[in-house]
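> fold the stuff below for me.
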Amino acid sequence: MLTAALLAVPGITALSSAARAADADLAVNGGFEAGLSGWTCTAGSGTAVNSPVHSGASALQATPAGSDNAQCAQTVTVKPSSQYTLSGYVRGSYVYLGASGTGTTDVSTWTQSAPDWQKLTTTFTTGASTSKVTIYTHGWYGTGAYYADDVSLVGPGASAGQPPAAPTGLTAGTVTSSSVALAWTAVTGATSYAVYRDGVKVQTATGTSATVAGLNPSTAYSFQVTAVNDAGESAKSAAVTATTTAGSSGGSGSLPTHALVGYLHASFANGAGYTRLADVPDSWDVIDLAFGEPTSATSGDIRFNRCPVTECANVESDADFKAAIKAKQAAGKKVLISIGGANGQVQLTTAAARDTFVSSVSNIIDTYGLDGLDIDFEGHSLSLDASDTDFKNPTTPVIVNLISALKTLKAKYGSKFVLSMAPETFFVQMGYQYYGTGKWGGQDPRCGAYLPVIYALRDDLTLLHVQDYNSGSIMGLDNQYHSMGGADFHIAMTDMLLTGFPVAGDANNVFPPLRPDQIAIGMPASTNAGNGYVAPSEVTKALDCLTKKTNCGSYATHGTWPALRGLMTWSINWDRFSNWEFQKNFDAYFG
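Below you'll find the model as predicted:
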């Protein structure tokens, strides 16, 4: 028996060695010797450093900031129904190592404090149809930098195979003023297709056709398609060019080619003083009456209370105010009621609140004979539920109800109804990096929350004038952070709206561009009006770069848009306080 047992041991050892020999380290650049090659870090949080390192010459350093936990990740091809061991060495406080998309139970391990290199290890088994998993490291919000090195994923390797051939037969079908329908021949072995517009990937299709929307009228575009499978992406197809049709005004509300938009303090006074509507100069094409506010945050009941004489000594009577509205309209100007503002939180949490919003806003519009509505929801008015992750198909009640209410108002008043929005950068351009609470939670649920509203109303939207002021630094399409105080910020923020951008870094989920005639750049009228004021010379630089591609700075735009609608400012009152500096610069530029 002893001899038989001894003879059996080598056989068992041989089988175990053979099984281990089939395993491999599937992590790419786990030692970060090639910098961040193979890894993607959120918000530009990661970098390769030479010290400290666990082995070799480099390691990862990643620093959480604000609502970002500095996650660095890579996607690895694996075999279904197979066991894998994930390990790595880390330093720092609250450092995590984990795997997601396993098809079974996603795993993670962490250390509360590792003043020196500490090894973290976890294991998982892939699901029956799992071919890819994502491995990652991250820190924790508000903590210092963490380090990682020698990350490995050991288990059975999967044959990557070959990418498919490039698609052929690409043709353009139905063309409208804002979309082009494409079709191509199926490629053997392809699991999906990527569609490119002017060299930029704009969407993914599972079949052999796609419609690219969000295009500008009377504009030529070049399209290409690639075929994709687990092994990668094919070369691009031959290009096909299509020119969109001229289309209609798109809900422009008969605005001039270049318009000046301003907010008029109509329900309150502040340091700028009260300005009568009749005293607003003719340069102002759209006048937003600030503000209609709700009786409570969730009532949906909007009231417009004109400034009382005790606060605004020179306020005009209701009769004179209504007469001034008619006079402005007779001169071709648009007068809107703006809902919200810093103090007017509006949360349409129920269908009843939605219906009350529609009826109460209609009452204001009808009472004063206004041309339309401006949505200036700020603060906590719009916030995304944790499960609401797709801006094209929102599920959060406050978002869904607002969209429904605005569509109802647009349908009620018809094509001449002017609809504008004035979101802050946090609710729009910040969506390039973050959307809602994020895949792993912990982010501000308000981030990017305007995107589903803008997307759903894009065909009804007359003007979008994002507030390029009172803003933190925002990452542009060049993946660099841009800050207020110069033309560069306005150029980068506006280019994002006119070019479109992946939401939360997902190249398969692109917020499509808006038309240039829908865009006005929001700026404070003076240093008193808000943070982010820029001198007239910087305003001119921004306009030159965006409409002529001259006088640009470090940011390279993705196009030239001479049809850019114009400028918006907070506010007409503050511009008057500053001797009409903003208005005069607009008049001098556009004539």
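
> if I look at the residue positioned nearest the centre of the chain, what pLDDT would I see?
By CA atoms, centre = their mean, the chain has its centre lying nearest to Gly431, at 2.6 Å. As predicted, Gly431 sits at a pLDDT of 96.

> how far away is the residue nearest to it when sequence neighbours are not counted from Gly476?
Spatially, and ignoring its direct neighbours in sequence, Gly431 is nearest to Gly448 (2.9 Å; CB to CB, 6 or more residues apart in numbering). Every residue, glycine included, has its C-beta placed from N, CA and C. According to CB to CB, to the nearest Å, Gly448 stands 15 Å off from Gly476.

> quick one: which of these two has more around it?
Neighbours per residue (other CB atoms under 10 Å) separate Gly448 from Gly476, with Gly448 holding more: 27 against 21.

> so the more buried one lies in a strand, does it not?
No: Gly448 is assigned coil when assessed by DSSP: H, G, I helix; E, B strand; the rest coil, not a strand.

> what sits against it?
Residues counted as contacts of Gly448 (CB atoms under 8 Å, 6 or more residues apart in numbering) are 384, 391, 427-428, 430-431, 434-436, 503-504.

> low pLDDT regions in the stretch 151-300 of the chain?
The stretch 151-300 of the chain contains residues with pLDDT under 70 at 159-160, 247-253.

> ok, and the closest non-adjacent residue to Gly344?
Nearest one to Gly344, counting by CB to CB, 6+ apart, is Glu293 at 3.7 Å.

> same check, this time on Asp376
The nearest residue in space to Asp376 (CB to CB, 6+ apart) is Gly340, at 4.1 Å.

> Gln61 too?
Val49 (4.5 Å).

> one more: Asp355?
Using CB to CB, 6+ apart, the nearest residue to Asp355 is Gly300, at 7.4 Å.

> who's in contact with the one you found?
Taking CB under 8 Å, 6+ apart, we find Gly300 in contact with 294, 346, 348, 350, 352-357, 360.

> for Ser254, grab the count of nearby residues.
Number of residues near Ser254 (other CB under 10 Å) recorded here: 11.

> that one in helix, strand or coil?
coil.

> can you name the residues that contact it?
Counting by CB under 8 Å, 6+ apart, the residues that Ser254 touches are 332, 416.

> hmm, 6 Å instead?
For Ser254, no residue meets the contact criterion (CB atoms under 6 Å, 6 or more residues apart in numbering).

> ok so, going back, dump the contacts of Gly448 to a markdown table, plus distance to Val315 and secondary structure.
Converted to a markdown table, those look like this (distance: CB to CB, whole Å; DSSP: H, G, I helix; E, B strand; the rest coil):
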| residue | distance to Val315 | secondary structure |
| --- | --- | --- |
| Leu384 | 40 | coil |
| Phe391 | 42 | coil |
| Phe427 | 32 | helix |
| Val428 | 34 | coil |
| Met430 | 38 | helix |
| Gly431 | 40 | helix |
| Tyr434 | 43 | coil |
| Tyr435 | 43 | coil |
| Gly436 | 42 | coil |
| Val503 | 44 | strand |
| Ala504 | 46 | coil |
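
> Val75: helix or strand, and which one exactly?
One thing to correct before we go on: residue 75 is Thr, not Val. Assigned by DSSP states H and E, Thr75 falls within strand 72-77.

> quick one: average pLDDT of that strand?
Mean predicted confidence for strand 72-77 is 92.

> CA atoms of that strand as CSV?
Output of strand 72-77 as CSV, limited to C-alpha atoms (Å, rounded to 0.1, in the frame of the first residue of the first chain):
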residue,chain,number,x,y,z
CYS,A,72,-8.1,52.6,-12.5
ALA,A,73,-9.4,49.6,-14.5
GLN,A,74,-8.8,47.4,-17.5
THR,A,75,-11.1,44.8,-19.3
VAL,A,76,-9.6,41.3,-19.7
THR,A,77,-10.7,38.5,-22.0
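
> count of neighbours near Asn551?
The local packing of Asn551 (other CB under 10 Å) involves 15 other residues.

> for the nearest residue to it once chain neighbours are set aside, give me phi and psi.
Once flanking residues are discounted, Asn551 sits nearest to Asp544: 3.7 Å by CB to CB, 6+ apart. Phi and psi for Asp544, reported as degrees, to the nearest 10, are phi -60, psi -50.

> ok, Tyr469 next?
Dihedral angles for Tyr469 - degrees, to the nearest 10 - are phi -150, psi 170.

> tell me the pLDDT of the residue nearest to it when sequence neighbours are not counted.
Spatially, and ignoring its direct neighbours in sequence, Tyr469 is nearest to Gly532 (3.4 Å; CB to CB, 6+ apart). For Gly532, the pLDDT comes out at 95.

> returning to what we had before: give me the element the residue nearest to Asp376 is part of.
Using DSSP H and E, Gly340 sits within strand 334-341.

> what does that strand contact?
For strand 334-341, using CB under 6 Å, 6+ apart, the contacting residues are 253, 286-292, 302, 325, 328, 346, 364, 370-378, 418.

> what pLDDT, on average, does that strand get?
96.

> can you list the strands that it pairs with?
Looking at strand 334-341 with DSSP bridges, its partner strands are strand 286-294 (parallel), strand 372-377 (parallel).

> gap between Ala297 and Asp385?
Where Asp385 is concerned, Ala297 sits at a distance of 17 Å (CB to CB).

> no, scratch that, I was asking about Gly472
Distance from Gly472 to Asp385, by CB to CB: 24 Å.

> Val133 now?
Counting by CB to CB - Val133 and Asp385 are separated by 27 Å.

> ok, now Val539?
Going from Val539 to Asp385 by CB to CB gives 39 Å.

> who's more crowded, those two?
Ranked by neighbour count (other CB under 10 Å), Val539 and Asp385 place Val539 first, with 21 against 15.

> list the contacts for that one?
Asn585.

> after the helix or strand hosting it, which helix or strand is next?
If you go by DSSP H and E, Val539 is part of helix 536-548. Proceeding N to C from helix 536-548, the next assigned helix or strand is strand 566-570, under DSSP H and E.

> other SSEs contacting that next one?
Contact here means 3 or more CB pairs under 6 Å, 6 or more residues apart in numbering; DSSP states H and E; on that basis strand 566-570 packs against strand 259-265, strand 520-524.

> what sits up against the longest one?
Right, strand 259-265. 283-290, 520, 565-573, 586.

> for the shortest one, same thing?
Residues outside strand 520-524 that contact it (CB under 6 Å, 6+ apart): 261, 463, 465-469, 490, 494, 530, 532-533, 565-570.

> change it to 7 Å
Outside strand 520-524, the residues that touch it by CB atoms under 7 Å, 6 or more residues apart in numbering are 259, 261, 422, 463, 465-469, 490, 494, 530, 532-534, 539, 542, 565-570.
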